[in-house]
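Undergrad: Sequence first, predicted coordinates after that:
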Amino acid sequence: MNTTASTSAAATAPPAGARGLGLAHYAVRGLLEKVLARHGATFRQQIALRAAVTSDAPQTPDDLIAQVQESLKAESADLRAVLDELLAKRLLVADGVHLRPTEAGRALIAAVGAETAPISARIWGGIPADDLAAAGRVLALVTERANAELAARGA
């Protein structure tokens, strides 16, 4: 992507809204899912495994499910199945009541991070810091409001 195209697209873009946010999410997620597929992993598996890898302390299955549920808004039964898949692939291992990432699990997260870093740099590179800060504020507010709506609906 060249700077002229990026500048031109930004100058003619409509105001941010739900559709634009969704399109951006799925475009970026599509790139990540292609990388994950090469490693035999799914998006949900990567999210759950990353939560385990980045945790300061070993997590119980319920702890991991709650953490991933906060991010993905998925059903706990579906996330329990994801943990079972990670255990079957030996990317997580049970250690008493806790789940720990294995070396293979840590290696997968590192490999995916290494593969996606240059893609992320091309996508995010050149966007002015002020624009990123404004987008971050808007996204945080949208997330807060959507979470409040979900909570009000008992979801």
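TA: On my side now, so go ahead.

Undergrad: correct me, but residue 116 touches residue 34?
TA: No: under the criterion of CB atoms under 8 Å, residue 116 makes no contact with residue 34, lying 9.9 Å away. Every residue, glycine included, has its C-beta placed from N, CA and C.

Undergrad: Between those two, point out the one with more neighbours.
TA: residue 116 (17 against 12; other CB atoms under 10 Å).

Undergrad: contacting residues for that one?
TA: Taking CB atoms under 8 Å, 6 or more residues apart in numbering as the contact definition, residue 116 lies against 31, 32, 35.

Undergrad: Give me the nearest residue to the last one, chain neighbours excluded.
TA: Same thing as residue 35. Nearest residue to residue 35, sequence neighbours excluded (CB to CB, 6 or more residues apart in numbering): residue 115, at 4.9 Å.

Undergrad: re the thing from before, so which of the contacts of residue 116 are in helices?
TA: Within these, membership in helices is found for 31, 32, 35, as judged by DSSP state H.

Undergrad: Mean confidence (pLDDT) on the longest helix seen in the chain, please.
TA: As assigned by DSSP H, the longest helix anywhere in the chain is helix 129-152. Averaging pLDDT along helix 129-152 yields 94.

Undergrad: any low-confidence regions in this protein?
TA: Flagging of the chain using pLDDT under 70 yields the residue ranges 1-11, 155.

Undergrad: which residue ranges form the strands in it?
TA: Here the chain has its strands, by DSSP state E, at 92-95, 98-101.
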